[in-house]
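**Student:** here is my input; please provide its structure:
(one chain, ligands or ions: 1)
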Amino acid sequence: MTNRPMPSATTDHERQYWQRVADGDVCIVRCHACGSASHPPRRYCPVCYSDDWTFESITGTGTVYGHTCIHRPTRTFEADAPLVSAIVTLDEGPRLMGQVDCDPAAIEVGRRVCLDTSTLSSDDVRLVFELQE
Ligand SMILES: [Zn+2]
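**Tutor:** As a prediction, this is how the structure comes out:
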């Protein structure tokens, strides 16, 4: 058990999403009406407003779109400082935010990253990426 803050799901699809993340299956949403992929899951497709969509597992690989380094995080994350946080463009298209487990000097826009799903559990659903060579 950790003292990490957990997301509070308020809808069925949010509960399903966070349960999948806790099980190590991070996913995006694929719209059946227009084919677009999106993240995070919403009741309606952000492109065509259809409610006909399904979860789709991701490969976990992507490219750093932007990043920052948090030298003084909140008390809960003090042990992780300096904490590298990035927006990653997944190979499937949508962008999501996560932590990158690396030296802050090593990260840059355009670097390839891979999601580490081995740390995901019902007690810790932080998305942590690792730099790829
Ligand atoms: Zn759509």
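
**Student:** what comes up buried for the helix or strand where residue 98 lies?
**Tutor:** Per DSSP states H and E: residue 98 is located in strand 95-100. Neighbour counts over strand 95-100 (16 or more other C-beta atoms under 10 Å) mark 96, 98-100 as buried. (C-beta placed from N, C-alpha, C; glycine too.)

**Student:** ok, that strand: who's next to it in the sheet?
**Tutor:** strand 83-90 (antiparallel), strand 128-131 (parallel) (DSSP bridges).

**Student:** show me the contact partners of the lengthiest strand in the chain.
**Tutor:** Counting by DSSP state E, the longest strand found in the chain is strand 61-70. Residues outside strand 61-70 that contact it (C-beta atoms under 8 Å, 6 or more residues apart in numbering) are 77, 81-91, 95, 100, 104, 107-115, 129, 132.

**Student:** PyMOL command to pick out the buried ones of those?
**Tutor:** In PyMOL, a selection of the buried entries from the contacts of strand 61-70 looks like this (16+ other C-beta under 10 Å):
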select buried, resi 77+83+84+85+86+88+89+90+100+107+111+113+115+129
